[in-house]
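Colleague: Here is a sequence with its predicted model. Questions after.
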Amino acid sequence: MPRRIAILGSTGSIGVQALDVIQRSPELTVVALSASSSWEPLLEQARRHGVRKVAVADPDAAARASEAWTGGDVLGGPDGVVRLITDCECDLVLNAIVGSAGLLPTVATLGEGIDLALANKESLVVGGELVMALAQATGAAIIPVDSEHSALHQLLAAERPGTVDRLILTASGGPFRGMRRVDLEHVTTEQALAHPTWAMGGKITIDSATLMNKGLELIEAHHLFGTPYDQIDVVVHPQSIIHSLIQLCDGATLAHLGYPDMRVPISYALHHPERVDVPVRPLNLVEVGSLTFEPVDEETFSCVRIARDAARVGGTATCTMNAANEIAVHAFLGGRLRFLDIADVIEETLAELPSRPVHSFEALGEADAEARQLAGELVAERAVA
């Protein structure tokens, strides 16, 4: 029987590429799809892949989808996405939802004991300890889809506990690599969205420009692999050929290499523990020529430092940080906030909202709402005329 896959966030870049991987794999079949609000491309995907269960998180968009489609069931709202997971009888959920909206579906998936292919790093940034405890309690596996964490997952698979000294995440450096703060004072949205390596959605691309994505990935790696923060490094690697490295106790360093193509980590997660052919170009090191590395400029790209500091504080700090980042990035994309103010809004939100212990997902929801309210006020104070 083919492995039955539910794809959450199927109209985004990861979801579209996952459908391409599934279409080429007779051992996989897609049984459910969801989108935030893009109901028209969602229904087109459902028709093309013979899917009869879909969910649309936005209630108004879900109502329009219900009117337009008679080929199956349309579930609406965030609860509809959860019901999609519990009703579709899937073997694996690929969570490619953007932002903290992905946390509830992650909890629903793991709570049902369903294996999770995780492309939503915010699930672990916001609720890492609770999410990992839930996975352990139900026995559900979490297979990372982010290219860096997929690389680490593969590198660590053969290593015994106690042999790994350090994890090293690589960063392309984004569109503003090598620039100083003074160079970024008048950055436009179009410039920030021009990523040199990856094609991604707006929010993720801006996180790559501020390097907040590396801060989020540092936190994700800590929870996924149980590695202390002082044993996780980030290094800028502009070619994006090495996706991550691990340093071992005997002095060896192992690296995962390949041309940047998200179909590789997607296929790894969907087929795990098997491997299958993926139609990507084999790495040609002579063609690449050279691989270079630089330290992260945390004075200019302070989001990496902010994320690491919040992670070390623990409790609700990373939830607060993530919420403030989502508000600030949305404001920047809407032309209401300057690029350099993104980090300032996050840092001020953290300063004004002390961290609290996390005992439940409800407590995280309260911290998230509080942070969004304050960050919104801080954005309004800095609003671009």
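Modeller: All right, it came through fine.

Colleague: So what touches the longest helix along the chain?
Modeller: Looking across the chain with DSSP state H, the single longest helix is helix 361-382. With C-beta atoms under 8 Å, 6 or more residues apart in numbering as the test, helix 361-382 has contacts from 100, 103, 107, 126-127, 130, 316, 319-324, 326-328, 331, 336-338, 341, 344-346, 348-349, 352-353, 356-358. (C-beta placed from N, C-alpha, C; glycine too.)

Colleague: Swap in 6 Å and give it another go.
Modeller: By C-beta atoms under 6 Å, 6 or more residues apart in numbering, the residues outside helix 361-382 that reach it are 126-127, 316, 319-320, 323-324, 327, 331, 337, 341, 345, 348-349, 353.

Colleague: Might you report the residue contacts of Asp183?
Modeller: For Asp183, counting by C-beta under 6 Å, 6+ apart, there are no contacting residues.

Colleague: Actually, Ile7.
Modeller: The contact partners of Ile7, by C-beta under 6 Å, 6+ apart, come to 15, 18, 33, 94.

Colleague: Now for the residues you listed, which sits with the most neighbours around it?
Modeller: The most crowded member of the contacts of Ile7, judged by other C-beta atoms under 10 Å, is Leu94 (30 neighbours).

Colleague: what helix or strand is the residue lying closest to it once chain neighbours are set aside on?
Modeller: Using C-beta to C-beta, 6 or more residues apart in numbering and skipping the chain neighbours, the partner closest in space to Leu94 is Ala117 (4.3 Å). Here Ala117, judged by DSSP states H and E, is contained in strand 115-118.

Colleague: Put the alpha carbons of that strand into CSV.
Modeller: Output in CSV follows, covering the C-alpha atoms of strand 115-118 (Å, rounded to 0.1, in the frame of the first residue of the first chain):
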residue,chain,number,x,y,z
ASP,A,115,4.6,10.8,11.9
LEU,A,116,5.4,14.4,11.0
ALA,A,117,7.6,15.8,8.2
LEU,A,118,8.3,19.2,9.6
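
Colleague: Which other helices and strands does that strand contact?
Modeller: strand 92-95, strand 142-144 (3 or more C-beta pairs under 6 Å, 6 or more residues apart in numbering; DSSP states H and E).

Colleague: Which strands or helices does the longest one pack on?
Modeller: Read that as strand 92-95. strand 3-8, helix 103-111, strand 115-118.

Colleague: how much space is there between the residue of the chain most remote from its centre and Arg64?
Modeller: In terms of distance from the mean C-alpha position of the chain, Thr70 ranks first, at 32.7 Å (C-alpha atoms, centre = their mean). Remark: distance between Thr70 and Arg64 (C-beta to C-beta, to the nearest Å) = 14 Å.
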